[in-house]
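Take a look and give me a structure for this.
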Amino acid sequence: MKKIRKTMLLAPAVALGLTAMGAAPAMADHATGTYSTILGELNNSGASGTAWVTVEGSQATVTVQAAGLAETFNDAAYPHVQHIHIGAQGTCPTMADDANGDGIVDTVEGQPAYGEIGTTLSTEGSTEASAGTDVTVAPSGSSFTYERTFELNDATQDSLANGTGVVVVHGLDPANQPAAGTEKMSNLAPELPLAATSPALCGPLQMMPTGGADTGVTKPTQGGSEMGMFALGGGLLAAAGGAYAIRRNRAQN
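Okay, here's the model as predicted:
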């Protein structure tokens, strides 16, 4: 398989359904509070996780813990871009949303449920939608604990306040996907396999009650964090002749 250069992974921001937002920090504080969710698997990813968002004024501290994700490809850590999606139903898609019947609910098919990107949960640099496909600032590997404090834009604050914020982690292991899906290239970034841009974890954010009533979500600790940069080497994902030749299992999700 030919290795894809890093530049081929940096698809245009619009590819993952990004919202156009200004670079100025948010000044509103109407979303102040703590939100949490249990991240459920999508597309037979086999992954699981939790996410917490604590908003104080215009600042947010976001913690995401994920496990069971795609680990490596071409001897490099698999990047998992992650976002707070906004502006739709505030829910996660199901296999019923697989409109083209290829066995994978891709990012576009999921947008009516979770919406466009409001905030990119990057490890450094910009957290705006424009950074949504930058794999160089995405957590990587099969498991990670991510924590970062940053200025939260108004649009994401609005979505949290009205209950339509959803955390989505992207990037599937093609070995866990059906042949019909893995033989296709992404409908967003044709140089990539469909699995690379499809959602693996999803969870609607809900505000925690004052006093911290038990919601079943346990906030992860920072110890053992595996977030951060990773060595891209010559590339992370491969495409050969427009096809993805790899062991596949039939999706059961």
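
give me the number of residues near Thr107?
Here the number of neighbours of Thr107 (other C-beta atoms under 10 Å) works out to 24. C-beta: built from backbone N, CA, C; applies to glycine.

Assess the claim that it and Pro199 are in contact.
Yes. Applying C-beta atoms under 8 Å as the test, Thr107 and Pro199 come out as touching, 6.3 Å apart.

Quick check: neighbours shared by these two?
His170 (C-beta atoms under 8 Å, 6 or more residues apart in numbering).

Tell me the strands beside the helix or strand harbouring Leu39, with direction?
Taking DSSP states H and E as the definition, Leu39 sits inside strand 33-41. Strand pairing for strand 33-41, determined by DSSP bridges: strand 48-56 (antiparallel), strand 199-204 (antiparallel), strand 206-207 (antiparallel).

Assign the residue lying closest to Ala99 once chain neighbours are set aside to helix, strand or coil.
Leaving out its chain neighbours, the residue that sits closest to Ala99 by C-beta to C-beta, 6 or more residues apart in numbering is Glu109, at 5.5 Å. When classified by DSSP: H, G, I helix; E, B strand; the rest coil, Glu109 comes out as helix.

which sections of the stretch 101-250 of the chain are below the confidence cut-off?
189, 210-250 (pLDDT under 70).

now the helices for it?
107-114, 154-161, 179-182 (DSSP state H, counting those that start in this stretch).

Output those as TSV; include the columns distance to Gly57.
Compiled in TSV, these are given as follows (distance: least, C-beta to C-beta, whole Å):
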stretch	distance to Gly57
helix 107-114	26
helix 154-161	10
helix 179-182	43
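
Which one, of the ones you listed, ends up nearest to Gly125?
Proximity to Gly125, assessed across the helices of the stretch 101-250 of the chain by C-beta to C-beta, is greatest for helix 154-161 (16.8 Å).

by contact count, what packs against the closest one?
In terms of contacts (3 or more C-beta pairs under 8 Å, 6 or more residues apart in numbering; DSSP states H and E), helix 154-161 is packed against strand 48-56, strand 82-86, strand 116-120.

hmm, try it at 6 Å
strand 82-86, strand 116-120 (3 or more C-beta pairs under 6 Å, 6 or more residues apart in numbering; DSSP states H and E).

Just say which of these is most tucked in.
strand 82-86 (a mean of 30; mean count of other C-beta atoms under 10 Å).

Quick one: work out the angle between that one and strand 33-41.
110 degrees (axes from the mean of the first three to the mean of the last three C-alpha atoms, to 10 degrees).

who touches strand 82-86?
The contact list for strand 82-86 (C-beta atoms under 6 Å, 6 or more residues apart in numbering) reads 114-115, 117-121, 132, 156, 159, 165-169.

one step back: Leu188 is nearest to which of the helices of the stretch 101-250 of the chain?
Among the helices of the stretch 101-250 of the chain, helix 107-114 sits nearest to Leu188 (C-beta to C-beta), with 6.3 Å.
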